[in-house]
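In: The amino acid sequence is not available; the structure is as follows:
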């Protein structure tokens, strides 16, 4: 069996560390490159982490990136020169950065998802169906809870769910984006989608979408207990992506949700 040569960026981060563990258990992959944005003077699984550059990714078949937007865009710039495939789990992109990713996807193969979990992607699909089915008398909002170390808010997953609401109404998420709250005990519904982000403890991830008519409330939710959900999902995405042509794909493509 021919193995996929894998490069993992942000190898010292939480997801980077989890991806290393999961990739070592998957016989389809050969981990050949680890990168960080600073010098690391030790080997990890026998590999010396290096900085992001062309030499680092030269022998890789695919790059999995869970870092920060600035780093991701730098990696895409390198990947586009080398014609490498990239799985992006990074979140917190601006609309301008999203547009740049789409531009890169015209020449290289990219899969981007704010969350690699099967359950979350199903939740997004159900959110879109609910949003499409409910009339305009229903207002919506999104709640997410993550560990206290998470910096961006709303989370990439919360924005995915917001996009599900927007897509159901055939509207652009950025035009439908309402207020963004942080650590509020309660927050209102609005004509636009309001978000509340809670940061506490070591919570892996909890997400909830609510639709209210004032007379009834419909709630869709998901709770993650193990970070391997995301690393295994990213590896599944990488295996699916390996023979795909240039373009911008999502976990919805991987899972074949219509």
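Out: It's in. Because the structure is predicted, anything quoted here is derived from the model rather than measured.

In: Tell me the spacing between the most far-flung residue of the chain relative to its centre and residue 194.
Out: Computed with Cα atoms, centre = their mean, the residue of the chain farthest from its C-alpha average is residue 215, at 34.3 Å. Going from residue 215 to residue 194 by Cβ to Cβ, to the nearest Å gives 19 Å. In this view, the C-beta of every residue, glycine as well, is placed from N, C-alpha and C.

In: same question, residue 95
Out: 19 Å.

In: And the two? Which one has more around it.
Out: Counted by other Cβ atoms under 10 Å, residue 95 and residue 194 do not tie: residue 194 has more neighbours, with 23 against 10.

In: so who does the more buried one touch?
Out: Residue 194 makes contacts with 141-142, 178-181, 187-188, as judged by Cβ atoms under 8 Å, 6 or more residues apart in numbering.

In: Let's see which of the residues you listed end up in strands.
Out: 141-142, 178-181 (DSSP state E).

In: Give me the PyMOL select line for the contacts of residue 194, limited to the buried ones.
Out: A single PyMOL command selects the buried members of the contacts of residue 194 (16 or more other Cβ atoms under 10 Å):
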select buried, resi 141+142+178+181+187
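
In: can you put the contacts of residue 194 in JSON lines and add distance to residue 5 and pLDDT?
Out: Shown next, in JSON lines, are the contacts of residue 194 (distance: Cβ to Cβ, whole Å; pLDDT from 0 to 100):
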{"residue": "141", "distance to residue 5": "44", "pLDDT": "98"}
{"residue": "142", "distance to residue 5": "38", "pLDDT": "98"}
{"residue": "178", "distance to residue 5": "44", "pLDDT": "96"}
{"residue": "179", "distance to residue 5": "45", "pLDDT": "96"}
{"residue": "180", "distance to residue 5": "40", "pLDDT": "96"}
{"residue": "181", "distance to residue 5": "43", "pLDDT": "97"}
{"residue": "187", "distance to residue 5": "46", "pLDDT": "96"}
{"residue": "188", "distance to residue 5": "50", "pLDDT": "96"}
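
In: mean confidence score for stretch 91-101?
Out: Across stretch 91-101, the average pLDDT comes to 93.

In: follow-up on the earlier one: now, which of the contacts of residue 194 sits nearest residue 23?
Out: Using Cβ to Cβ, residue 142 comes nearest to residue 23 of the contacts of residue 194, at 31.5 Å.

In: if I look at that closest one, how far off is residue 9?
Out: Residue 142 sits 28 Å away from residue 9, taking Cβ to Cβ as the criterion.

In: before we move on, what about residue 153?
Out: Applying Cβ to Cβ to residue 153 and residue 9 gives a distance of 22 Å.

In: If you count surrounding residues, which of those two has more?
Out: Taking other Cβ under 10 Å, residue 153 and residue 9 do not tie; residue 9 has more neighbours (29 against 20).

In: Contacts only, for the more buried one.
Out: 16, 35-36, 52, 63-67, 71, 75.

In: Please spell out the ChimeraX selection for the buried subset of those residues.
Out: Only the buried entries of the contacts of residue 9 go into this ChimeraX selection, using 16+ other Cβ under 10 Å:
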select :16,35,36,52,63,64,65,66,67,71,75
